[in-house]
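Colleague: below is the structure, and that's it, no one-letter string:
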């Protein structure tokens, strides 16, 4: 099956710094990538949808200036959490899709902001 | 806006027993329905999906789910579970009645942790 990787799997950063998370589709070209956030014992919440070469579409309530998403190629999307604060600590998951109704998920990145 | 409710956060069962993981949704438009499974330290994997046609859908490892429109449910069942079925299961819906603007946008339930004991 299709494989999606995320890097890093875990990251700890200090408050006020920025951190970048990469999402790669390893064996297929992803026209669309999605970024989710998962709080403990909560469901995944869609943050934004990105299509290769165009600006990401953010869900209501998600700060686009704080969560910068770039989808520069058909195999790579990045999420940059700018000026991170402890409340940004969470589990971030990406998914990639090349056709309708088929999303392949990455293993997630645990972000801890101290 | 749609929502998904998984009524049980944890379901412990013994090996070879039947199991049902419940999922109810609310939506003002027609939906596609999915079950995803997440094994420890792995990403979510699609288990099965309902798009159209027969309301009973099956996975390759013995799970099945039935779309019940009148009850807005999509419960997941397996007649005999194995230790290897221990994982977290997520129900998700995608609107398709909004002119294509919701393509790929999944709304997830809270997840159900299935633990199979020997």
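Modeller: Perfect, thanks for sending it. All of these numbers come straight from a predicted model, not from anything done at the bench.
Colleague: just the endpoints, please. Distance across stretch B:24-42?
Modeller: Taking Cα to Cα, to the nearest Å, stretch B:24-42 runs 25 Å from one end to the other.
Colleague: quick one: is it near chain A?
Modeller: Yes. Using Cβ under 8 Å from any Cβ of the partner chain, stretch B:24-42 reaches chain A at B:32, B:36, B:41, B:42. For every residue, glycine as well, the C-beta is placed using N, CA and C.
Colleague: tell me the secondary structure for the closest residue to the first one other than its chain neighbours?
Modeller: In this case it means residue B:32. Spatially, and ignoring its direct neighbours in sequence, residue B:32 is nearest to residue B:94 (4.5 Å; Cβ to Cβ, 6 or more residues apart in numbering or on different chains). Secondary structure for residue B:94, judged by DSSP: H, G, I helix; E, B strand; the rest coil, is strand.
Colleague: show the pLDDT at residue B:103.
Modeller: Residue B:103 carries a pLDDT value of 65.
Colleague: distance-wise, check residue B:74 relative to residue A:17.
Modeller: From residue B:74 over to residue A:17 the distance is 42 Å, taken as Cβ to Cβ, to the nearest Å.
Colleague: neighbour count: these two, which is higher?
Modeller: Legend: neighbour count by other Cβ atoms under 10 Å in any protein chain shown for residue B:74 and residue A:17, higher for residue B:74 (29 against 12).
Colleague: do I have it right that that one meets residue B:68?
Modeller: Yes. Contact criterion Cβ atoms under 8 Å: residue B:74 and residue B:68 qualify, at 7.4 Å.
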